[in-house]
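S.K.: Next come a sequence and a model predicted from it.
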Amino acid sequence: MNSPGSGSGPESGSSSGSDSGSGSGSGSGSGSGSGSGSGSGKHPSLTVQAAGCVLWRRSPVTGELQLCLVHRPKYDDWSWPKGKLRRGEDPLAGALREVAEETGHTAAPSAELPSTHYLAKGRPKRVRYWAAEAVSGTFTPNDEIDRILWLPPDAARSRLTAPGDAALVDALLAVLRPAAP
């Protein structure tokens with residue numbers, strides 16, 4: 001399967017649900033096992049662990065809610081800021097690191113949102129997400145992310161490339177909605 005392995009683009013499906021994965025391992029995507037004997041030393045059954053944020057802000061002009069999407073030119077897709085965890089990295093710390101690296105923004109995290117699970121390059125991948133408000137920062141285009149968009153929720157839902165990513169819009173809205181008395 002020719003998939004970029006980051007949660008959007010031509011991966012084989014994306015779904016939310018309970019974790020059946022491998023605990024808190026980080027999965028670098030480069031084959032973390034040392035396998036002796038035959039084989040490549042990779043463990044295709046180990047779940048790749050990644051993390052990201054559904055980054056939001058209030059429009060500086062209208063005060064309306066806006067969500068941040070990132071564009072990866074290598075795959076020509078739109079997704080949430082996210083990436084693979086480093087070995088031993090705390091998932092929330094990794095999510096905030098990825099937001100900073102990809103968008104240039106620091107973020108204040110709140111509730112954890114549903115995880116997505118899908119196959120990336122033939123391996124299962126789990127991406128944990130958090131709701132996070134953009135606090136400060138400025139985007140600078142780079143080789144990995146050439147554009148970001150701040151969009152209203154409905155426009156963000158429509159722009160996301162991976163269908164499973166759209167469910168996170170509703171999850172964020174549920175977190176941001178004040179609780180009913």
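M.R.: Here it is on my side, so go on. Just so you know, these numbers come straight off a predicted model, no measurement behind them.
S.K.: after the helix or strand containing A100, next one along is what?
M.R.: Using DSSP states H and E, A100 falls within helix 91-103. Using DSSP H and E, the helix or strand that directly follows helix 91-103 along the chain is strand 105-120.
S.K.: Just want the angle from the helix holding A100 to strand 105-120.
M.R.: Taking axes from the mean of the first three to the mean of the last three Cα atoms, to 10 degrees, one finds helix 91-103 and strand 105-120 inclined to each other by 100 degrees.
S.K.: Dump helix 91-103 to PDB, restricted to CA.
M.R.: Output of helix 91-103 as PDB, limited to C-alpha atoms (Å, rounded to 0.1, in the frame of the first residue of the first chain):
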ATOM      1  CA  PRO A  91       1.800  11.500  24.100                       C
ATOM      2  CA  LEU A  92       0.500  15.000  25.200                       C
ATOM      3  CA  ALA A  93       4.000  16.400  25.100                       C
ATOM      4  CA  GLY A  94       4.500  14.900  21.600                       C
ATOM      5  CA  ALA A  95       1.200  16.400  20.400                       C
ATOM      6  CA  LEU A  96       2.200  19.900  21.600                       C
ATOM      7  CA  ARG A  97       5.600  19.400  20.000                       C
ATOM      8  CA  GLU A  98       4.100  18.500  16.700                       C
ATOM      9  CA  VAL A  99       1.700  21.500  16.800                       C
ATOM     10  CA  ALA A 100       4.700  23.800  17.400                       C
ATOM     11  CA  GLU A 101       6.800  22.200  14.700                       C
ATOM     12  CA  GLU A 102       4.100  22.100  12.100                       C
ATOM     13  CA  THR A 103       2.200  25.400  12.800                       C
END
